[in-house]
Every structure is written in structure tokens, then in C-alpha cells.
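Asks: Sequence and predicted model, in that order:
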Amino acid sequence: MRRPLLRITAIAGAAAIALGLAGCGDVNAGSGALDKLHAIVDGWDETLDVDESATNTLPWTGQASATVIVTSETSDDRLAEMTETLGAFLEEEDGGTAHWSYLDLQVGAFRFGVDEDADERGLRIVAVEALRSDDRVVGGFVQSADDVIVQPDDTATDRPPRRAIGEADGTMRAIVTNDVPLTEAYDLVRSIAALVPDLDDSAVVAETEDGTSAVSDSDSIVGGTARSVAPTTSLALATAVGSAAPVSDVIATSDSLDIRLESTRDVGSVRDLFESRAIDLGIDLTVNGGVVSDDGTAYPEVLGVAQALDGVDGVESVRVSGSEISVTLPDATPLTATINTLLTQADIDVVTLVTLSAGDPSSPGFEVSGVPGDLVRQGQMISAGQDVDVLSRLSVWDDITRFDVDAEPDLESLRSLFTTFRPLLVEGSTVQVSADRTNGFSNDLDFVVADDIDIELPPNAGDEVTALAALVASAWATAD
């Protein structure tokens, strides 16, 4: 008879603990922290939006982060007031049940991290004011949590360099107009960083508005937040290269120089120039030209083959690694010219793999890989697929051909598909047919090319897979 009484007592005790904890804060601590923030910033006339995130890890514990976005017309004085208000908010939140990962304030295209320390907040505001008041600067980050400018419609408008350089967290980045020389841009951002003592040991980054060129006093092109020596040597070498060949963009750091030339044909002479001038200077060079780039492992003969594509209209990019070439096209329009150019090169036999790909949503995308001897047949497959309505993407690699088709293909559309492609498929090779299912996954079927095909259904195949298999078998058998 005492057992029920004990159970009631335990429940009462748990309720008492819950009530006690509830008095310590919001049970959904992360969401609750954002609610408190909104109670402040939603009352500001200048507030456009809040880009936010919260996790409620456990009852009464969680994390929150946010960027408060205010109109670009906000005055410096008003921005300082907002910063103080948010700083005081963070001070009140310190030690609470929610941990603030970061709280940033963004005004126009300028973003900075709000600090709990009043003196540090004041210094950051001075730096932001200096960036905003300089006509050469169109955006920037001062010790921000990340380097993405978020607009009220959630679209990212920051234009990072073509090859990522530096980070915003704990550092400073300035985005300058395209006509500002990199040497001038670096001096500008370094001088503004001097206003914030906490940035003395941090690298700074200046980049052009179009995102193609950048300079930093960090050691390394990707990442690197620790300050090193000024990039004077790499910038001087970039100037020397620019006097020898047309340059499209430059990434310069304390110990590296990454240059893209307007023409791939100038790559060899620029490398020779660099080697003659950069002896014992400690600068690593990466140079590419036009649409062609290599990872440093390219065979010279293969690079020569790839460079021939620099003059082919429509080729978007060419990457070379070892003896392999990867070509990106917008669609099938430049396909014939691309294949013909490759096959007429004297050293094409040195190439072991060619990959051609395109993903224009307005026409069937494709990705085909194979030895150069397969290019003609693969090109015929790509061209043939452009007129097959049911086909959304064609993929070919090794001895496998994959057809991605509409979600609900019918017999006639599949028959048209196979009528087009059967003459181009190698007997004994594998065909994959993939159709999207209504639940977001896909039905994938495989069979070996032969007069009579055998489709092995996957275990526990549902009605959709079974029906698709029957359609594929019938379409193959009746294809002209």
C-alpha cells in the first residue's frame, strides 16, 4: 500500500525541481536568448532583419548567434549607440543559460563583431567608421564572426576572392573598388587595423570588389589569420609579371603569389621570369592562364594539350592534373569544337583521361569520362541526348552509362531514349536508369547491354521500382 505513495512523492519532487530550474531561465535557452535580442532590435527604426541561429541543446541550456542588419543610412553616432546597447545586452547574458557564439552588427556592406568589453567596442566602431568613410572601400569586416554579407532577403552579397584568402573571424577585411592597386589597398587596410590594438598580431586582407584579386600579410593563400611580414616582395613580383604579360587577377600573401594570366600561352615565359627574379626570396608561385589551370602535377605535354582549349569559344574552364584533363562547358554547343581541338593535338596520346561536363538546367546536363579514344563516341552520345525530352542528365564513365530521366517516364519516352542510344552503347557494358521518386529519393535500375536484357530488382523493391523495371524492359525490347 505504500508503493503508490512513494511514486506520488517522486513526482512531486521532480515537479519541484522543474519549477526551481524554470526560475533560472527559459527552458529553450537558445531560442529564449534570441527572443530577448528581438525585444531590443525590433524596436529600432533602422533594423532591416536579423540573421539568426539557435540550438536548445538541453533543457535550460543552448546556444545562439545573430547578425543584426541595419540600414546603410545609419549614422556613425547612431551605430555607436546600437553597439553599446548590444554590448550591454551581452554583458547581461554572460553567465546565463544560453551561450552566445557571436553577435554581429551589419550596416550596409560593413559588418563587425560586438564585444562585451566597452573599450574594445569603441575601437571597432572607430575602425568601421574609417572603412565606411573611405571612398575606395565598398565593404568590409572588422573582427566579424564570418565573412558573408547577408541581406534582408537572405542573399549573400559578399564577393570573396576566386581563391579563398584569409578569414574574417578575429581579423579585418576591406573590399575595395577594382581600380585600387593592391599595394595601396594593403596599406589602407593595415593602417585602419592599427586603430585596433587587438589586430596587431592578426593578418588583414584587402580584396577587389569583383572578387578576383586580393592581398594579405598572412603566410598562405587559403586561411591564415596570423600576421606575418608585409607582402612587399610578392607584390613587387606581381608588378614585374604584369609588365611582361597581361594579368587578369592576383592573390598575394607574405610568402606566396597566385597569378592568373589572360592567356595560357604566357604561362611558360612568366614562370621563367619568376624563377630568374625570385631566387631565395621565399615566395611560392602559382600561375595559370586563361581558362586553364593545373594543380602543379600536370605533365608538360598534357598541359600543352589543355592549353589549346584556351581559344575555343564557350569553354568555361580546363583543369589539368597529372595526365588527366577536365573540361567544363556551359552546354553542348562548344562540344564538337572542344573534341576536335583535343584530338588534333600531337600529344593527345599522353593524356590518360578526359572528362567533359556541363550542367545548364535549360538542357540535359552531362558528365562523360574516358580515354581520348572514347571522345568521338561520347560526343555523339551527348549530342544525341540533347533532343531526348525524357533525359535530364547523361553520365558516362568506364563501361557505365547512366540516364537520369523524368520522375514519371512513360513507355514511349523510354523507347525514344533507347532508340537514340542503343547504337552508341557497347555490348556488355552497364546501363543505369534513374528516375526521381515522389518522396525525393530515386529509383535506380541496372542492366547489361544485350539484345535481351535482364533487370535484377533490388531487395524489397516497391511498386514504383517494379513498374519502372517493366517499362524499361519493354522500351528496350521495342526500341527501333
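Replies: Noted; the coordinates are in hand. Numbering: from 1, shown residues only.

Asks: Check which residues of stretch 255-272 are buried.
Replies: 255-261, 263-267, 270 (16 or more other C-beta atoms under 10 Å). For glycine as for every other residue, the C-beta is placed from the backbone atoms N, C-alpha and C.

Asks: Mind listing residues that contact it?
Replies: For stretch 255-272, the external contacting residues (C-beta atoms under 8 Å, 6 or more residues apart in numbering) are 162-163, 212, 219-221, 228, 234, 237-238, 241, 244-252, 274, 282-293, 306-307, 310.

Asks: Of the residues you listed, just the buried ones, PyMOL syntax please.
Replies: PyMOL command restricting the contacts of stretch 255-272 to the buried ones, with burial defined by 16+ other C-beta under 10 Å:
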select buried, resi 162+163+212+219+220+221+234+237+238+241+245+247+249+250+251+252+274+283+285+286+287+288+289+290+291+292+293+306+307+310
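
Asks: So which of the contacts of stretch 255-272 belong to strands?
Replies: 247-252, 284-289, 292-293 (DSSP state E).

Asks: Dump the residues you listed into JSON lines; add pLDDT and distance to residue 330 as well.
Replies: As requested, the ones in strands among the contacts of stretch 255-272 are exported to JSON lines (pLDDT from 0 to 100; distance: C-beta to C-beta, whole Å):
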{"residue": "247", "pLDDT": "89", "distance to residue 330": "25"}
{"residue": "248", "pLDDT": "87", "distance to residue 330": "19"}
{"residue": "249", "pLDDT": "88", "distance to residue 330": "21"}
{"residue": "250", "pLDDT": "91", "distance to residue 330": "26"}
{"residue": "251", "pLDDT": "90", "distance to residue 330": "26"}
{"residue": "252", "pLDDT": "92", "distance to residue 330": "31"}
{"residue": "284", "pLDDT": "85", "distance to residue 330": "33"}
{"residue": "285", "pLDDT": "82", "distance to residue 330": "31"}
{"residue": "286", "pLDDT": "83", "distance to residue 330": "26"}
{"residue": "287", "pLDDT": "83", "distance to residue 330": "26"}
{"residue": "288", "pLDDT": "82", "distance to residue 330": "20"}
{"residue": "289", "pLDDT": "82", "distance to residue 330": "20"}
{"residue": "292", "pLDDT": "89", "distance to residue 330": "17"}
{"residue": "293", "pLDDT": "85", "distance to residue 330": "18"}
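
Asks: between the residues you listed, which is nearest residue 314?
Replies: residue 292 (14.5 Å; C-beta to C-beta).

Asks: which of the residues in the helix or strand harbouring residue 303 are buried?
Replies: In this assignment (DSSP states H and E), residue 303 forms part of helix 300-307. Neighbour-count burial for helix 300-307 flags 301, 302, 303, 304, 305, 306, 307 (criterion: 16+ other C-beta under 10 Å).

Asks: before we move on, what about stretch 417-424?
Replies: 417, 418, 420, 421.

Asks: quick one: which of those sit in strands?
Replies: Using DSSP E, none of the buried residues of stretch 417-424 sit in strands.

Asks: Now, these that are in helices?
Replies: Per DSSP state H, helices hold the following members of the buried residues of stretch 417-424: 417, 418, 420, 421.

Asks: Redo these as TSV? Include distance to residue 471.
Replies: Below are these laid out as TSV (distance: C-beta to C-beta, whole Å):
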residue	distance to residue 471
417	11
418	11
420	16
421	16
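
Asks: any idea which of those is the one closest to residue 453?
Replies: Nearest member of those to residue 453, counting by C-beta to C-beta, is residue 418, at 10.0 Å.

Asks: quick one: that closest one and residue 477, what's the gap?
Replies: 9 Å (C-beta to C-beta, to the nearest Å).

Asks: sorry, back to before: out of the buried residues of stretch 255-272, name the two that are farthest from one another.
Replies: 255 and 265 (27.9 Å).

Asks: Correct me if wrong, but residue 44 is in a strand.
Replies: No. The assignment for residue 44, made by DSSP: H, G, I helix; E, B strand; the rest coil, is coil rather than a strand.

Asks: list the contacts for it?
Replies: So residue 44 contacts 70, 82 (C-beta under 8 Å, 6+ apart).

Asks: ok, it to residue 277 distance?
Replies: With C-beta to C-beta as the criterion, residue 44 and residue 277 are 55 Å apart.

Asks: Check the offset of whichever strand or helix holds residue 33 from the chain's centre.
Replies: Residue 33 is part of helix 29-41, with elements assigned from DSSP H and E. With C-alpha atoms, centre = their mean, to the nearest Å as the basis, helix 29-41 stands 30 Å off its chain's centre.

Asks: Show me what it is packed against.
Replies: strand 47-58, strand 61-70, helix 76-93, strand 98-107 (3 or more C-beta pairs under 8 Å, 6 or more residues apart in numbering; DSSP states H and E).

Asks: just so I know, which of the ones you listed lies nearest residue 433?
Replies: strand 47-58 (40.4 Å).

Asks: Model confidence for the spatially closest residue to residue 80 that is not a sequence neighbour, exactly?
Replies: Spatial nearest neighbour of residue 80, chain neighbours left out: residue 125 (5.1 Å); criterion: C-beta to C-beta, 6 or more residues apart in numbering. pLDDT, residue 125: 94.

Asks: what do you get for residue 224?
Replies: 62.

Asks: And residue 52, by the same measure?
Replies: Residue 52 is given a pLDDT of 89.

Asks: And it, how close does it get to residue 379?
Replies: From residue 52 to residue 379 the distance is 50 Å (C-beta to C-beta).

Asks: Determine the number of other residues adjacent to residue 346.
Replies: 10 (other C-beta atoms under 10 Å).

Asks: May I have the phi/psi pair for it?
Replies: Phi and psi for residue 346, reported as degrees, to the nearest 10, are phi -60, psi -30.

Asks: ok, now residue 382?
Replies: Residue torsions, per degrees, to the nearest 10, at residue 382 are phi -60, psi -50.

Asks: So residue 355, which state does it fall into?
Replies: strand.

Asks: how about the helices of the stretch 251-400 of the chain, start to end?
Replies: 267-277, 300-307, 335-343, 375-385 (DSSP state H, counting those that start in this stretch).

Asks: any chance of these in CSV, plus distance to residue 136 and mean pLDDT?
Replies: Converted to CSV, the helices of the stretch 251-400 of the chain look like this (distance: least, C-beta to C-beta, whole Å; pLDDT from 0 to 100):
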stretch, distance to residue 136, mean pLDDT
helix 267-277, 28, 81
helix 300-307, 36, 91
helix 335-343, 41, 94
helix 375-385, 47, 90
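
Asks: As CSV, those helices with distance to residue 428 would be great.
Replies: Formatted as CSV, the helices of the stretch 251-400 of the chain follow (distance: least, C-beta to C-beta, whole Å):
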stretch, distance to residue 428
helix 267-277, 42
helix 300-307, 30
helix 335-343, 25
helix 375-385, 15
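
Asks: follow-up on the earlier one: so who does the residue nearest to residue 80 touch?
Replies: Here residue 125 is in contact with 76, 79, 80, 83, 112 (C-beta under 8 Å, 6+ apart).
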